[in-house]
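K.L.:
Let's see this in three dimensions:
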Amino acid sequence: QLQLVESGGGLVQPGGSLRLSCAVSGFSLDYYAIGWFRQAPGKEREGVSCISSSDGSTLYADSVKGRFTISRDNAKNTVYLQMNSLKPEDTAVYYCAATRVRVGSMWPAVYANWGQGTQVTVSS
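P.N.:
Numbering: from 1, shown residues only. Here you go, the predicted structure:
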């Protein structure tokens, strides 16, 4: 059974940092691409970043480029999202998701397996 569990969310002041973790089980990161998504109240779910299983290539939404970094540790079955210089508009529930498609995508519809989400709130 494929499972993804996010952790690391919380309340942080503007300009602060958080590192989200996505611990996976039931499958190997060698064969699944992982995406990070977020959804703010009243808004659609949007892609934040993704990492391919084939070559580790990454994609970022324009809104987070230069501030967020996605990485993976296949030995620990964990994918990370390092978030720096956080802004109030980054406030959302953050989800990680897995797809058997080895090249990462920013489209939620590509992903069949999702975690339960972790809340990130950026506020002073």
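
K.L.:
Gly47 in helix, strand or coil?
P.N.:
Three-state assignment for Gly47 (DSSP: H, G, I helix; E, B strand; the rest coil): strand.

K.L.:
Around the closest residue to it other than its chain neighbours, how many other residues sit close by?
P.N.:
Nearest residue to Gly47, sequence neighbours excluded (CB to CB, 6 or more residues apart in numbering): Met106, at 3.1 Å. C-beta here means a position set from N, CA and C on the backbone, and glycine is covered the same way. Number of residues near Met106 (other CB atoms under 10 Å) recorded here: 16.

K.L.:
and Met106, how far is that from Gln13?
P.N.:
28 Å (CB to CB, to the nearest Å).

K.L.:
Next: Val120.
P.N.:
In terms of CB to CB, Val120 sits 12 Å off from Gln13.

K.L.:
Just give me the residue closest to the centre of this structure.
P.N.:
Most central in the chain under CA atoms, centre = their mean is Trp36, positioned 2.3 Å from the mean C-alpha point.

K.L.:
could you measure the nearest residue to that residue once chain neighbours are set aside against Val93, distance?
P.N.:
The spatially closest residue to Trp36, leaving aside those adjacent along the chain, is Val48, at 4.4 Å (CB to CB, 6+ apart). Between Val48 and Val93 the distance is 11 Å, computed by CB to CB.
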